[in-house]
Structures are given as C-alpha cells and as structure tokens.
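> Sequence first, predicted coordinates after that:
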Amino acid sequence: MPAHYPPDLTTSEGERLVEVVKDWAAAHGLSVRPPSTVVSAETDPVGILSTAVPVTLFPSPFPQVCFDQGKVVQKAYNELYAAISQDEEFLAQIVKDIGDSDDFITELWKVHLKVKEEGYHMSLGLFRSDYMVHQSTPDADPQIKQVEFNTIASSFGGLSSQTSALHKYLAVNEYALLEQPISQGQLTLPTNLCTRGLAAGIKQAFITYGHPVTEHPKCVLFLVQDGERNVFDQRHLEYEVQSPPTTIPVFRLAYSEIKQHTQLAEGDGRQLLYNPPQLPKRTFEVAVVYMRSGYGPGDYPDASAWDARYHIERSAAIKCPSVLTQVAGTKKVQQVLATPADESSTEPSVLSRFISSKDDRNTRRIHHTEDTIAALQRTFTNIYPLDSSPTGQKARSIALDGEQCQSYVLKPQREGGGNNIYRLAIPSFLKSIPEAHWDAYILMELITPPPVHNTILRLGKLEQGGVICELGIYGTCLWDQREKHGHGITVNEQAGYLLRTKGDKSEEGGVAAGFGCMDSCALV
Ligand code: ADP
Ligand code: MG
Ligand code: MG
C-alpha cells in the first residue's frame, strides 16, 4: 500500500477522473435509473435514461485479515441459514417472540402455515452476510462484526463485479490520470466474480428442478418491483444466467402482476406456469422464482398481494427465497443467535441447536470444528431483545437512557434500508409506540470502524472526506426443504463480495436508498 493512499486530488485530476469514470460506467452498465428528483417522469416517460451509480474514485483500504475472515465463514453461514430455514419449530418460536406487533411477519407466517399442509420443495438461497470492521483499541487486531444476514433480494452483486473492474481499470491506467502515479502495481485488488457466482446458483437450481412435468419448456422468473431504479444490477445477473453454454430463458415479472400472468398446473404437482404477456401463445414452466421484491410491506398493499405470495410459495418452483428462508433472515433470528444463554455465560445459546463440533453420527446437526464455530461466533456483536426477559429489561433501560442509547441502533424486522432508529432518536421513538410492541425490535450495539478517507463521485460531483465501509460476502446454497438439520444441501458456495461506502456522517448505507456508494477493496 503506497503512503498517502487514497491520494488528495488536484482540481484537474478530479475533473479528469470524473470524465473517465462517467464514461466507463455508461459503457459497462455501472448504472441506475436516475432518481425522479434528477430526471422527472415527464422528461423521460419511456425510461431510456440511466445514470452512473455513485462510486468511490479509489478502492478503499480494507484489512486483508477481515476480508479473509468473512470469506472463510461464508459456507458455514450458508449451512446455518439452510438449517434454520429447515427448523420450522424454531422459526415458529421466533415469530411468536416478535408477536402480533408486526403484521408483516405475522402475514408471512400465515402463508407458510398454509403451504406447510401441502409440503415443501427445494429451496435456493442467494445470501449476503454484511460486516463492518471493529477495532476494540487502536492497537488491537481488526476483526469483522456482522451487521446483518440477508436472505432475500441480496442486491448489488451485478454492480459490485463492475465496480471491481472499474477500480482495476483505473489502477492500470492511472499514468494517464494522475500527475504522480501512486498505486500502479502496488494495490491488492481481489478478483470479484459475484455476478458469475450468483448466476451459478440460479443455474444449478434450474438444473436441479429436473425435466419439466408439463409439456412446456422451463424458465427462470425474476419477480421485480414496479419502477425499480436498481434494474441494471438485476440485468447483469439476468444476462449471466442467460449466457451459454446452458442458455436459460429468463423473464421479469412485476410482483403486482403475478396472478395475472401465472397459474398452477392442474393436478397435484402444482407446477407454476407463466404466460409472458408479450407472447400470448407461449407458456413456460417456472423452475426457479428469484425474488427482488416481496421483502417489505410495500409490495403487499392488499389481500390479493398476499394471495399472490401464497400462490408462488405453494408452487413446485424452487423459490429464492421461500417464506421460511425469508423469516430466517429476520433481525430477530440474528439477535437470538448472538444473545448468550444467560448473563453469566459467554456462549451464544442457540448456535449449538444447529452446529456441533461433536463427530457423532447420532448428532443430527451440522458438523464443524471448534475453530469454525469460534470463527462464526467472533463475527457476532452484542444484540439484545427488547422483551420482558431479564436481558430484555436491561436492554430497555439502555434504550431509554439518553447517554447509553448513543452507542446503539434499534431495528425493526424490515429489509431494504431506511428503517432503523439510531442513537438519541431511540428513547423518544420507543416512547411514541405502545410498550406491547417493543418486542418486535432488537437493540444492537453500533460498530464503529476505524476512519478511512476517500472521494465519492455522486451525480457528477466529487465528495471528499471520511467514509465508513461495509463488506458483504455473497453465498449460494441449494437445499431440500423436506430435510432437517442442514441435511440435503447440494450446493454451498462463497460467491464474491460487495463493498459499500458511505460518508461518515450518514447513519444508513444503502446505495439504492441514496446514501451510500459502490466501492471495492484494496487489501492492506
Ligand atoms: P437493512 O436490512 O435495512 O439493510 P441493516 O441492518 O443492514 O438493515 O441496517 C442498515 C444500515 O444501517 C447498514 O447498512 C449500516 O450502514 C447501518 N447499521 C446497521 N447496524 C449497524 C451497527 N450495528 N453498527 C453500525 N452501523 C449499523
Ligand atoms: Mg437487509
Ligand atoms: Mg443492510
């Protein structure tokens, strides 16, 4: 790593980099649809315009040990979440703990209960485990702590591969960009093939589905949201799934149009049949449903939207994810995994339900070495329930205390960014809702990574200053939902990484939510 990295830029260097990056982004689909505040619907009614995604000009320095730590535990995390998704009893308790205060989770569970009567199929997980670097003292070794584990619509794989490629291009061509080349050949930029890795997961599920049962050819269905701005991220994945040698038909369908264009085949098989609106005479048997929607209440405005989810869920298509896998990804599950059994114990209580180091054939659990289990546990940070248990009571007093709450974030059971309550806003927020609803939230210690500097290019303007980086490691997993204890896993892979960066004054880091930007790692 060169000294003074990333460098401070002169005005002309900044201008040159803006030119180069914006063209590279357009040429390689490192793009999103512009926000309506930038281009109005009247100006671009057909949606032909795109804009460069916010991106750092340089790969941010990121500790190699932390990067490796995340990669090493990913397969164990994949198995863990497959096993959780197979443990209906455990998830039923989670839903009970969250209680009636969360209508969204309650409704998801109702879908599951109906499907349970008819039986399950194979399940696909395209996961992303997110981390930040934690350093207890300036001299201590850095380590990663998990922010959250995503089991539905884990996005940015497509754009992340492109961002890594952009940063490599800039490192190789800096002779033409900077007065004093600084990084040529000195940066360690890891290969990042997440588009290919995630697409491989979908392709394997497509093959595993087997021959179509009806007379129609098989396809993959991407369930998407109307007006999605992050569409090119999805397109990169789609193009990769469609790429030879196994060419796979992929269609995009708006979540709101499921019932209009799909039906279940007659008979007991429940094959999902799709009639593309643009091809009225054609029908496809859906082998894989990949959801980039359905993760929040916004996609379920009425009972018919829930009925559509039930319709998909009970079908024979391999769901990515199933309702059970979606519930496995709630913050409540993450909290229960991380909370010790009792106050005197440092052992997380529930992990041993799923993973054991005992090499005993009768142990109907996933087997891992003590080292791997310890490596998983090291990624946990302090998370507390806000229920009426002794631990919950203690967390409630922290959350309501104007001093102590400063080190915490309060999270509901939601996905997609913009839902959390931070620091001093926590006490007044809690007081504004009935106490009976508090157990639908978890209280999590804030991770405060060491400061990093970088320059962000956002909507044509450069922002230079302190940034906070969040590493995501992708994983793919395919398992038989009819099995238990992590049995029946046929695919388990680590599938590349994402680095998302935000200004150090911002609480949230979602790129789509408009606060964060794409980045890649320069390993140090
Ligand atoms: P979502 O599922 O909506 O993405 P997250 O749990 O990832 O929810 O929280 C959103 C963002 O909030 C994260 O990307 C991160 O920037 C910030 N955040 C969440 N938890 C923590 C934490 N414990 N410490 C520091 N920042 C956090
Ligand atoms: Mg999430
Ligand atoms: Mg997140």
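Perfect, I can see it now. Ligands and ions are numbered 1, 2, ... in the order given.

> Helix, strand, or coil at Y131?
Put simply, Y131 is strand when judged by DSSP: H, G, I helix; E, B strand; the rest coil.

> Help me confirm that it comes into contact with D68.
No: counting by Cβ atoms under 8 Å, Y131 does not reach D68; the two are 11.9 Å apart. C-beta: built from backbone N, CA, C; applies to glycine.

> These two: who's more crowded?
Y131 (26 against 13; other Cβ atoms under 10 Å).

> contacting residues around the more buried one?
Each residue near Y131 by Cβ atoms under 8 Å, 6 or more residues apart in numbering is listed here: 66, 70, 144-147, 379, 470-473.

> Give me the average confidence score over stretch 332-351.
Averaged over stretch 332-351, pLDDT sits at 80.

> swap in stretch 70-83?
In the prediction, stretch 70-83 has an average pLDDT of 98.

> hmm, back to that, filter the contacts of Y131 down to just the ones in strands.
By the criterion of DSSP state E, membership of the contacts of Y131 in strands covers 144-147, 470-473.

> what would the residues you listed look like in JSON lines with pLDDT and distance to ligand 2?
Output for those, formatted as JSON lines (pLDDT from 0 to 100; distance: Cβ to the ion, whole Å):
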{"residue": "I144", "pLDDT": "98", "distance to ligand 2": "16"}
{"residue": "K145", "pLDDT": "98", "distance to ligand 2": "15"}
{"residue": "Q146", "pLDDT": "98", "distance to ligand 2": "11"}
{"residue": "V147", "pLDDT": "98", "distance to ligand 2": "8"}
{"residue": "E470", "pLDDT": "97", "distance to ligand 2": "11"}
{"residue": "L471", "pLDDT": "98", "distance to ligand 2": "14"}
{"residue": "G472", "pLDDT": "98", "distance to ligand 2": "10"}
{"residue": "I473", "pLDDT": "98", "distance to ligand 2": "14"}
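
> closest to Q93 among these?
Q146 (21.5 Å; Cβ to Cβ).

> tell me the contacts of the closest residue in space to the closest one that isn't next to it in sequence?
Spatial nearest neighbour of Q146, excluding adjacent residues (Cβ to Cβ, 6 or more residues apart in numbering): T379 at 4.6 Å. Taking Cβ under 8 Å, 6+ apart, we find T379 in contact with 69-70, 73, 129, 131, 144-146.

> and ligand 1, which of the ones in strands among the contacts of Y131 contact it?
147, 470 (Cβ under 6 Å from any ligand atom).

> can the ones in strands among the contacts of Y131 go into CSV with extra columns for neighbour count and distance to E215?
Below are those laid out as CSV (neighbours: other Cβ atoms under 10 Å; distance: Cβ to Cβ, whole Å):
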residue, neighbour count, distance to E215
I144, 27, 50
K145, 19, 52
Q146, 23, 47
V147, 21, 47
E470, 21, 47
L471, 27, 47
G472, 24, 41
I473, 24, 41
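
> how about whichever residue of the stretch 301-450 of the chain sits closest to ligand 2, phi and psi?
Per Cβ to the ion, E415 is where the stretch 301-450 of the chain lies closest to ligand 2, at 4.4 Å. Backbone torsions of E415, given as degrees, to the nearest 10, read phi -130, psi 160.

> Let's see the pLDDT reported for the closest residue to it other than its chain neighbours.
The shortest distance from E415 to any non-neighbouring residue, by Cβ to Cβ, 6+ apart, is to Y295 (4.3 Å). Looking at Y295, its pLDDT is 98.

> Now for Y295, how many residues are close by?
Quick note: Y295 (other Cβ under 10 Å) scores 21 neighbours.

> Would you check that it makes contact with A153?
Yes: Y295 is within contact range of A153, at 4.9 Å (criterion: Cβ under 8 Å).

> Name the residues contacting each of the two.
With Cβ under 8 Å, 6+ apart, Y295 and A153 have common neighbours 415-416.

> quick revisit: looking at the contacts of T379, which one is closest to ligand 1?
K145 (7.4 Å; Cβ to the nearest ligand atom).

> ok, so what distance separates the closest one from I473?
K145 sits 13 Å away from I473, going by Cβ to Cβ, to the nearest Å.

> cool, and I105?
26 Å.

> Residue numbers of the stretch 1-150 of the chain in contact with ligand 1?
130, 132, 147-148.

> again, but for the stretch 351-500 of the chain
So far as Cβ under 6 Å from any ligand atom goes, the stretch 351-500 of the chain lies against ligand 1 at 409, 411, 415-417, 419-420, 444, 446-447, 470.

> Out of these, who's the most crowded?
Tallying neighbours with other Cβ under 10 Å puts M444 at the head of these, with 25 neighbours.

> So what sits opposite that one in the bridge?
I383, V409 (DSSP bridges).

> In contact with the residue of the stretch 301-450 of the chain closest to ligand 2, which residues?
Here E415 is in contact with 150, 152-153, 295-296, 329 (Cβ under 8 Å, 6+ apart).

> Of those, which is the nearest to R235?
A153 (14.9 Å).

> So for the closest one, what's the pLDDT?
We have a pLDDT of 98 for A153.
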